[in-house]
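Participant: Predicted structure and sequence below. I'll ask about it afterward.
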Amino acid sequence: MKNYNRIIFCSIILYLFVAVVLGSFLFHSENQRNHFYRVEANRILSTLTDIQSIENINLDAYETIWKIDFLDKEISNQNVVKNFFQEDNANNIYIQPFYIHNDFLGYIKFIYKLPVFNIQKLILIAEISLFILEFFVLVVLIYMKKKLVEPFQRLSELPIQLAKGHLKGHIKEEKSRYLGRFMWGMGQLKDTLDVSRQRQIELMKEQKKMLLSLSHDIKTPLNLIKLYSKALEEDIYTNEQDKRNAVHQIGQKSQEIEKYVEEIIQSSREDILDLPVHNSEFYLQDLLSKVMNVYAEQCALRHIDLKLGDFENRLLKGDIERCQEVLENLFENAFKYGDGRRIEVSFYEEDYCQLIRLFSSGSTVTDNEFNHLFESFFRGTNAKGMKGSGLGLYICKELMQKMDGTIFAEKCEDGMAFIMVLR
């Protein structure tokens with residue numbers, strides 16, 4: 001990016017240089033054109049020795065002066081004097097007093113014409129300037145083609161191959177310095193997808209093994225429950241003690257089955273929440289820059305009034321990527337379940353902790369639903385007809401706890417608020 005900015009800066013400097021050179025040439029030419037007649041008039045005055053020498057001047061030797069008149073100081077006729085000093089508007093005149101050895105003899109009137117502007121020279125300068133600009137533009141375009149366009153064309157199929165899972169091996173690095181970080185990111189994405197696929201395969205294997213094992217374990221108590229139930233139904237037991245024993249066995253075997261079901265649920269939760277967290281330190285401003293750059297634009301597109309409160313750029317503890325994931329999840333919930341009028345993000349400190357509060361206007365949940373918001377697979381009545389799994393807030397809470405923080409909700413009169421607590 002620095003090199004690209006350098007190219008832009010050089011283009012501006014080149015433009016200013018060409019503009020200054022061309023402007024200076026035009027200004028100098030116009031100034032010279034407007035004052036050249038004075039130079040020739042003074043040259044003529046310096047050659048005159050007496051009044052008679054005025055008539056002997058060869059005007060063909062001069063470019064701008066084409067006629068000279070003389071008014072003797074002895075002339076007192078007002079009409080002659082008036083006609084001398086008042087020339088036709090079509091002519092340009094330049095009048096100077098005429099002295100010989102400091103003796104005033106009268107006035108000399110130079111009738112001149114401005115020289116024709118040198119169009120050919122101007123066209124030549126303009127052509128040279130345009131050639132320099134065109135050459136610079138071509139150099140920039142060729143440079144961009146080699147460094148940006150062609151590398152991007154070679155990489156155009158890379159995302160498609162990644163999405164289909166056909167890309168194997170390492171991603172070849174591009175020589176272009178502009179795409180180095182992009183290629184590094186694509187390599188990271190490929191590695192993440194490979195790990196995710198491998199984990200998915202292993203998870204499926206483990207799930208099948210677990211289901212087979214639990215199915216076998218559940219089958220034994222389930223068969224016993226069926227036998228005891230059938231015996232009780234057909235009144236096989238005549239002794240009350242035997243009947244109570246059968247009922248007790250049914251309850252005991254039911255508890256065993258319930259334990260197996262809890263193992264299945266616990267295993268599923270652990271698989272879902274296998275999310276690594278890398279705790280470190282980061283600044284609040286860095287977190288907000290990652291999130292607000294995207295969601296400020298999203299709010300503008302949805303015509304939602306987004307208000308960001310004042311904050312101090314504190315140093316926080318946690319995983320900035322996971323904090324970004326939590327805050328983005330809260331924004332998505334605000335878009336999905338809010339009324340689309342207002343979202344407010346405010347900040348305050350409490351017990352040496354940084355609290356980030358995201359409020360969205362809209363309808364609230366019931367008290368019963370409020371108590372279950374952060375449970376897995378729970379969805380409120382306001383989520384009917386909307387896509388979702390009921391895991392968003394549950395994952396947010398687990399991630400915050402892994403970062404030695406927490407998250408909780410608040411019911412407000414005109415909406416809901418969620419507060420992230422970071423240390």
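Facilitator: Okay, I see it. Residues are numbered from 1 along each chain as shown.

Participant: Where does the residue most central in space within the chain sit, in terms of helix or strand?
Facilitator: Central residue of the chain (C-alpha atoms, centre = their mean): residue 293, 7.2 Å from the mean position. Assigned by DSSP states H and E, residue 293 belongs to helix 284-301.

Participant: Give me the contact list for the next helix-or-strand element following that helix.
Facilitator: Heading C-terminal from helix 284-301, the first helix or strand you meet, by DSSP H and E, is strand 305-308. By C-beta atoms under 8 Å, 6 or more residues apart in numbering, the residues outside strand 305-308 that reach it are 288, 292, 295, 296, 299, 300, 341, 342, 343, 344, 345. The way it works is simple: take the backbone N, C-alpha and C, and place the C-beta from them, glycine included.

Participant: those helices in the stretch 51-200 of the chain, which residues are they?
Facilitator: 78-85, 119-144, 150-155, 158-164, 180-233 (DSSP state H, counting those that start in this stretch).

Participant: Turn these into TSV, including mean pLDDT.
Facilitator: Formatted as TSV, these follow (pLDDT from 0 to 100):
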stretch	mean pLDDT
helix 78-85	80
helix 119-144	78
helix 150-155	74
helix 158-164	70
helix 180-233	77
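
Participant: highest average neighbour count across the ones you listed?
Facilitator: helix 150-155 (a mean of 14; mean count of other C-beta atoms under 10 Å).

Participant: next one: that helix to chain centre, how far?
Facilitator: Distance of helix 150-155 from its chain centroid, counting by C-alpha atoms, centre = their mean, to the nearest Å, is 22 Å.

Participant: That one packs against which elements?
Facilitator: Where contact means 3 or more C-beta pairs under 8 Å, 6 or more residues apart in numbering; DSSP states H and E, helix 150-155 is packed against helix 180-233.

Participant: can you give me how far the helix it packs on is from the chain middle?
Facilitator: So, by C-alpha atoms, centre = their mean, the centroid of helix 180-233 is 42 Å from its chain's centroid.

Participant: Disregarding residues adjacent in the polypeptide, which is nearest to residue 346?
Facilitator: residue 309 (3.9 Å; C-beta to C-beta, 6 or more residues apart in numbering).

Participant: sorry, back to before: would you mind writing the CA trace of the helix holding residue 293 as PDB?
Facilitator: Taking C-alpha atoms only, helix 284-301 is exported to PDB below (Å, rounded to 0.1, in the frame of the first residue of the first chain):
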ATOM      1  CA  LEU A 284     -10.600  -1.700  23.100                       C
ATOM      2  CA  GLN A 285     -10.200   0.600  20.100                       C
ATOM      3  CA  ASP A 286      -8.800  -2.300  18.100                       C
ATOM      4  CA  LEU A 287     -11.800  -4.500  18.900                       C
ATOM      5  CA  LEU A 288     -14.300  -1.700  18.000                       C
ATOM      6  CA  SER A 289     -12.400  -1.000  14.700                       C
ATOM      7  CA  LYS A 290     -12.800  -4.600  13.600                       C
ATOM      8  CA  VAL A 291     -16.600  -4.600  14.400                       C
ATOM      9  CA  MET A 292     -17.800  -1.100  13.800                       C
ATOM     10  CA  ASN A 293     -16.300  -0.700  10.300                       C
ATOM     11  CA  VAL A 294     -18.600  -3.400   9.100                       C
ATOM     12  CA  TYR A 295     -21.700  -2.900  11.200                       C
ATOM     13  CA  ALA A 296     -21.800   0.900  10.900                       C
ATOM     14  CA  GLU A 297     -22.300   0.400   7.200                       C
ATOM     15  CA  GLN A 298     -24.900  -2.400   7.800                       C
ATOM     16  CA  CYS A 299     -26.900  -0.100  10.100                       C
ATOM     17  CA  ALA A 300     -26.800   2.600   7.500                       C
ATOM     18  CA  LEU A 301     -28.100   0.200   4.800                       C
END
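
Participant: quick one: buried residues of that helix?
Facilitator: For helix 284-301, the neighbour count (16 or more other C-beta atoms under 10 Å) marks 284, 287, 288, 290, 291, 292, 295, 299 as buried.

Participant: Out of those residues, which is nearest to residue 102?
Facilitator: Within these, proximity to residue 102 (C-beta to C-beta) peaks at residue 292, which comes in at 84.7 Å.

Participant: And for the closest one, nearest residue in space, chain neighbours not counted?
Facilitator: Closest to residue 292 by C-beta to C-beta, 6+ apart is residue 308, at 6.7 Å.

Participant: now swap in residue 108 and tell me
Facilitator: That would be residue 98: by C-beta to C-beta, 6+ apart, it lies 4.8 Å from residue 108.
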